[in-house]
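S.K.: Structure for the following, please:
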Amino acid sequence: MHRPLISIIIASYNQGQFLDECLKSVSDQVYLNWECIIVDDASLDQSVTIADSWVKKDQRFKLICLPKNKGLSHARNKGLSISKGDYFQFLDSDDLLLSKKIHHQVSFIEGDLITVSGSRYFYNQEGKNFQRIIGKNGAFTEIVISKWDQTDVFEVFKQRNPFVVCAPLFVSIRSTPYC
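M.R.: Model (predicted):
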């Protein structure tokens with residue numbers, strides 16, 4: 001059975017205080033066929049040391065150190081340019097992935113059930129046991145578009161992107177036959 005490669009791209013700039021926990025959430029994924037590309041955007045804190053410790057523990061982690069800070073978009077694009085995955089996942093260095101997140105999304109996508117999906121989980125000082133799903137006016141907003149839908153996905157995203165950056169799993173242009 002084909003297990004698509006997932007490229008997880010983390011742009012990091014002075015996020016050492018969060019980075020270790022973020023990378024642990026990547027390492028804890030139930031889905032195992034992934035690469036994690038950490039692009040350090042010339043951090044001045046301990047981010048590179050933390051990222052390098054994960055590179056030494058697990059060959060699926062890769063570290064790219066940019067010599068000059070050029071911003072989030074440049075760092076993400078650098079990660080995309082060297083990624084090898086069938087799908088890619090952006091992750092901010094202060095975000096966490098639930099351990100089955102990628103497993104579930106790959107199962108849905110590969111099973112032709114869902115083309116686009118995502119959700120938001122937030123928690124406050126009450127802790128992780130009190131997670132809430134929040135959208136406008138405190139309600140959860142969701143757009144689900146199946147492969148059989150007549151909705152033009154690109155038109156939906158021109159109007160608004162309903163996802164936080166770490167929610168979607170994107171298909172790589174390299175693996176899309178119709179691009």
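
S.K.: Could you find the closest non-adjacent residue to Q15?
M.R.: Leaving aside its sequence neighbours, Q15 sits nearest to S93 (C-beta to C-beta, 6 or more residues apart in numbering; 3.8 Å). Where you see a C-beta, it was placed from the backbone N, CA and C, and this is true even at glycine.

S.K.: residue contacts, the one you found?
M.R.: Applying C-beta atoms under 8 Å, 6 or more residues apart in numbering to S93 gives the contacts 10-13, 15, 18-19, 22, 38, 47.

S.K.: What separation is there between it and G16?
M.R.: 9 Å (C-beta to C-beta, to the nearest Å).

S.K.: Give the intersection of the neighbour lists for these two.
M.R.: Common neighbours of S93 and G16 (C-beta under 8 Å, 6+ apart) are S47.

S.K.: I'd say V171 and D86 touch.
M.R.: Yes. V171 lies in contact with D86 (C-beta atoms under 8 Å); the separation is 7.2 Å.

S.K.: ok, the two, which is more surrounded?
M.R.: D86 (21 against 16; other C-beta atoms under 10 Å).

S.K.: So the more buried one sits against S172, correct?
M.R.: Yes. D86 is in contact with S172 according to C-beta under 8 Å; the separation is 5.7 Å.

S.K.: Flag the helix or strand of this protein with the lowest per-element mean pLDDT.
M.R.: Ranking every helix and strand in the chain by mean pLDDT, DSSP states H and E puts helix 153-159 at the bottom, with a mean of 60.

S.K.: Return the subset of the contacts of S93 lying in strands.
M.R.: Among those, DSSP state E puts 10-12, 38 in strands.

S.K.: got these as JSON lines, with pLDDT, distance to S27 and neighbour count columns?
M.R.: Compiled in JSON lines, these are given as follows (pLDDT from 0 to 100; distance: C-beta to C-beta, whole Å; neighbours: other C-beta atoms under 10 Å):
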{"residue": "I10", "pLDDT": "97", "distance to S27": "12", "neighbour count": "28"}
{"residue": "A11", "pLDDT": "97", "distance to S27": "18", "neighbour count": "26"}
{"residue": "S12", "pLDDT": "97", "distance to S27": "16", "neighbour count": "27"}
{"residue": "I38", "pLDDT": "98", "distance to S27": "12", "neighbour count": "29"}
